[in-house]
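>>> sequence and predicted structure are below.
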Amino acid sequence: MLKLQHDKRDMIKVETKKYEYDAVRVIQTENSKPLILFGAKATDIEQWAGIPQKKTLNPGSAETTGFQRTENQNRLRQLSSFYQNKENVVQNNLICSLRKLKGCKVEFLESQHSKMVGKLIIEFPDFYTASWLALFGLLRESLESRIGAVAVDTSSPKYLELKSRVGLFSEDNEANSEDIEDDTEGDSEGGIEAAIYEESHLNDFLEDIAIRHELLKELNNEEIDKDKFLGFDRVSLISFLLPITLVDGQHRLKGAVLAAEEIANNQRQEGLDLIKKGVSPEEVFSGLKNKYSRELPISLLMEDEPKEQVFQFVVINQKATPIGRSLLGTIISTTLTSEEMESVNERLLASGIALDDARAITWAVRNAASPFYGLVERGTQSEQKDLLQWNVMGSLISIFRELKGGKLFHAKNDYAKRWKEKFLTKSEIVRSDEFMDAYQEWSALDGPWQQVFIAFWNKVKQELSQDENPSRHNYWGNTRKSNIFNKISLTILASDFFKFLVTTKQVINSVDDINTLVNDWLEDVNRAYFDQDWELAGIKKDSPGIRARWAENWAEYRESPDQLPQAKSYRNAKKS
């Protein structure tokens with residue numbers, strides 16, 4: 001029997017689950033943590049290995065802090081079929097790491113005859129029988145150990161809205177709760193700074209956990225759905241509390257479990273014989289599933305730091321089987337605290353992973369003051385379609401942050417680079433008149449480029465687009481249908497703005513200059529330029545010829561803005 005608690009009101013008593021395996025310990029270098037190599041039944045592994053998936057636990061909750069993808073059902077079926085053939089073998093190890101959690105213990109006990117060979121012992125509380133209150137309390141404690149304790153504001157719109165959903169309001173209060181306006185996503189004075197540097201994502205996730213934890217205390221063990229609570233399902237929650245984290249191999253594991261279940265379901269006679277002996281149907285299925293489960297090879301790194309787990313995951317998936325850059329960037333920048341990211345930054349860079357790029361993109365996507373807020377893919381399954389691609393967002397940020405890539409598609413001049421070389425040190429928005437110091441200040445993760453970027457795109461959105469009617473051609477938010485909200489047009493606009501700055505010899509002394517500069521830049525431009533039917537059905541927009549044609553159309557129109565380009569010209573690719 002094991003006692004766990006978050007505070008005195010959370011005291012719980014649960015049985016301990018214990019597993020033991022023959023294992024081999026490998027120490028690669030004097031500075032590296034040990035690797036434990038062993039085998040275990042897939043049905044065992046699913047009990048003690050959490051699979052922290054990156055997904056949104058709707059409704060009313062933030063993204064989780066996991067780094068595994070949601071399952072590909074087709075791949076699971078294929079793997080299950082593969083595993084059901086007893087002759088088939090998968091040699092790839094499941095990659096695992098430890099999780100630091102009170103009450104859990106994973107240790108290697110070397111044998112009397114060899115320091116390399118021994119037993120791996122895994123012990124942890126039986127979370128599967130624990131209450132919702134205990135589970136949320138333990139996860140809250142785990143997160144608070146990383147980023148500090150959080151106090152729940154019981155007057156916040158989010159708290160009151162969730163409180164009403166679990167029926168904790170009296171009839172009088174419930175009527176009043178409908179008038180509460182949730183202003184948590186509105187602009188605020190600190191909106192631009194509400195970025196990843198302050199662990200905003202982890203704090204959001206912790207807040208979601210803490211609010212539900214406090215509400216469960218108020219419910220005082222009243223009847224609660226055993227499988228779901230306010231958008232969180234029990235399996236996902238427990239996955240963050242198990243003593244071992246599955247870093248890579250979730251499809252191989254779940255495919256093996258699915259295969260065991262299907263084989264167990266086919267053992268009808270064996271199952272009937274057990275039921276006749278008095279074994280319950282649930283115990284029969286569980287026993288057969290375990291009996292016919294295959295053993296899988298495991299490589300367990302004896303390291304419990306989240307930064308090391310993310311590092312291992314990133315290296316595996318970039319060096320072996322790459323995942324999408326959108327999900328990879330989301331994982332890096334929303335799973336670690338700022339301190340953890342800084343400590344692993346150099347190692348990721350050495351592995352070819354640009355951590356700061358991912359953080360900059362995440363900042364622009366998650367910042368409520370940004371016109372790209374919620375409109376860029378992040379690699380999670382719940383995303384809407386036709387979002388701006390992650391790498392496109394990265395290239396737009398690069399034009400402003402690194403001051404490079406500001407090229408119109410039909411020309412060779414890089415106007416962002418030119419402005420950097422001629423006018424950055426003359427701009428009072430940076431303090432130094434020494435080029436390298438000025439550029440370092442400008443391009444820092446929280447440098448002046450941030451406010452310039454936000455101000456420029458908010459002004460462009462205001463002047464040239466709208467976000468109320470999706471059927472109009474200048475709609476801000478649908479890459480497939482919009483003439484402006486796509487890689488080509490956004491790149492053209494950013495590049496042409498820097499061309500304007502260069503040709504008119506403009507400096508930027510403060511972010512307040514952007515509004516005037518954009519007005520001057522767009523002085524003669526018809527605000528309905530993008531709100532026309534360009535007759536693009538059947539056209540692959542992102543092709544070199546089309547990109548060059550759109551850039552040439554814009555450039556020629558800017559020189560003679562009396563008449564908008566003909567719609568058919570946007571369909572005709574420019575010949576190189």
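Great, that's in hand.
>>> checking my notes, Ala40 in a strand, right?
Yes. Ala40 sits within a strand when classified using DSSP: H, G, I helix; E, B strand; the rest coil.
>>> distance of Ser286 from Ser280?
Taking C-beta to C-beta, to the nearest Å as the measure, Ser286 falls 9 Å from Ser280. Yep, even glycine has a C-beta here, placed from its N, CA and C like the rest.
>>> and what of Ser370?
Counting by C-beta to C-beta - Ser370 and Ser280 are separated by 56 Å.
>>> who has more neighbours out of the two?
The neighbour count for Ser370 versus Ser280, taken as other C-beta atoms under 10 Å, is higher for Ser370 (21 against 10).
>>> quick check, that one in a strand?
No. Under three-state DSSP, Ser370 sits outside any strand and is assigned coil.
>>> could you report the pLDDT at the residue nearest to it when sequence neighbours are not counted?
Nearest in space to Ser370, with sequence neighbours left out and distances taken as C-beta to C-beta, 6 or more residues apart in numbering, is Ala364 at 5.1 Å. Note for Ala364: predicted pLDDT of 83.
>>> would you confirm that Ala364 contacts Ile397?
Yes. The pair Ala364 / Ile397 is scored as a contact, 6.2 Å apart, by C-beta atoms under 8 Å.
>>> what sits in contact with each of those two?
Phe453 (C-beta atoms under 8 Å, 6 or more residues apart in numbering).
>>> who are the contact partners of the residue nearest to Phe127 when sequence neighbours are not counted?
Among residues not flanking Phe127 along the chain, Ile238 sits closest, at 4.8 Å (C-beta to C-beta, 6+ apart). By C-beta under 8 Å, 6+ apart, the contact list for Ile238 reads 50, 127-128, 135.
>>> which SSE is Ile238 in?
helix 234-239 (DSSP states H and E).
>>> check which residues of that helix are buried.
Using 16 or more other C-beta atoms under 10 Å as the test for burial, helix 234-239 gives 234, 236-239.
>>> chain center to the next helix or strand after it: distance?
Going down the chain from helix 234-239, the next helix or strand is strand 244-248, by DSSP H and E. Centre-to-centre, strand 244-248 and its host chain are 17 Å apart (C-alpha atoms, centre = their mean, to the nearest Å).
>>> ok, Val106 - how many residues close by?
Val106 has 21 neighbours, counted by other C-beta under 10 Å.
>>> now do the contacts for it.
Val106 neighbours (C-beta under 8 Å, 6+ apart): 98, 120-123, 243-244, 300, 302.
>>> quick one: it is in a strand?
Yes. Under three-state DSSP, Val106 sits within a strand.
>>> need the pLDDT of it.
pLDDT for Val106: 94.
>>> ok, now the one 4 residues further on?
pLDDT, the model's per-residue confidence, is 93 for Glu110.
>>> same deal with Phe497?
97.
>>> ok, it - contacts?
Going by C-beta under 8 Å, 6+ apart, Phe497 touches 456, 517-518, 521.
>>> go again with 7 Å.
Contacts of Phe497 were listed using C-beta atoms under 7 Å, 6 or more residues apart in numbering, and they are 456, 521.
>>> next one: Lys575
Gly545.
>>> distance of it from Asp433?
45 Å.
>>> and what of Tyr83?
Separation of Tyr83 from Asp433 (C-beta to C-beta): 66 Å.
>>> which stretches of this structure have low pLDDT?
Flagging of the chain using pLDDT under 70 yields the residue ranges 1-14, 53-71, 168-201, 221-223, 308-356, 378-385, 576.
>>> tell me where the longest helix sits in it.
Assignment by DSSP state H gives helix 200-219 as the longest helix of the chain.
>>> buried stuff in that one?
Neighbour-count burial for helix 200-219 flags 200-217, 219 (criterion: 16+ other C-beta under 10 Å).
>>> just so I have it, where are all the strands in the stretch 201-350 of the chain?
Remark: strands assigned in the stretch 201-350 of the chain by DSSP state E, counting those that start in this stretch are 228-229, 232-233, 244-248, 295-301.
>>> any idea which of these is most buried?
Most buried of the strands of the stretch 201-350 of the chain, by mean neighbour count (mean count of other C-beta atoms under 10 Å): strand 244-248, with a mean of 24.
>>> that one - contacts with which helices or strands?
Other helices and strands packing on strand 244-248, by 3 or more C-beta pairs under 7 Å, 6 or more residues apart in numbering; DSSP states H and E, are strand 49-50, strand 94-98, helix 306-319.
>>> once you drop chain neighbours, what's closest to Ser432?
Closest to Ser432 by C-beta to C-beta, 6+ apart is Ala438, at 4.7 Å.
>>> send me the strand or helix carrying the one you found as CSV with only the CA atoms.
If you go by DSSP H and E, Ala438 is part of helix 435-443. Provided in CSV are the C-alpha atoms of helix 435-443 (Å, rounded to 0.1, in the frame of the first residue of the first chain):
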residue,chain,number,x,y,z
PHE,A,435,26.6,46.9,-37.3
MET,A,436,27.1,43.5,-35.5
ASP,A,437,25.9,44.9,-32.2
ALA,A,438,22.8,46.5,-33.9
TYR,A,439,22.0,43.3,-35.8
GLN,A,440,22.4,41.1,-32.7
GLU,A,441,20.0,43.4,-30.8
TRP,A,442,17.5,43.5,-33.6
SER,A,443,17.5,39.8,-34.3
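>>> before we move on, the earlier item: out of the contacts of Ile238, which is nearest to Arg558?
Proximity of these to Arg558 (C-beta to C-beta) peaks at Gly50, which lies at 55.6 Å.
>>> correct me, but that closest one touches Ser239?
Yes. Counting by C-beta atoms under 7 Å, Gly50 touches Ser239, with 3.9 Å between them.
>>> how much space between Lys276 and Gln269?
The value you get for Lys276 to Gln269, if C-beta to C-beta is used, is 11 Å.
>>> tell me the contacts of the residue nearest to Ser370?
By C-beta under 7 Å, 6+ apart, the contact list for Ala364 reads 370, 372, 393, 397.
>>> what's the angle from whichever strand or helix holds it to helix 200-219?
Element membership for Ala364 (DSSP H and E) is helix 355-366. On the basis of axes from the mean of the first three to the mean of the last three C-alpha atoms, to 10 degrees, helix 355-366 is oriented at 50 degrees to helix 200-219.
>>> that older thread, can you list which of the contacts of Ile238 are found in helices?
Among these, the ones falling in helices (DSSP H) are Leu135.
>>> just put the contacts of Ile238 in TSV and tack on distance to Asp414 and neighbour count.
Shown next, in TSV, are those (distance: C-beta to C-beta, whole Å; neighbours: other C-beta atoms under 10 Å):
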residue	distance to Asp414	neighbour count
Gly50	47	24
Phe127	55	25
Tyr128	58	13
Leu135	54	24
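>>> which of the contacts of Ile238 sits closest to Gly249?
Nearest to Gly249 among these is Gly50, at 12.9 Å by C-beta to C-beta.
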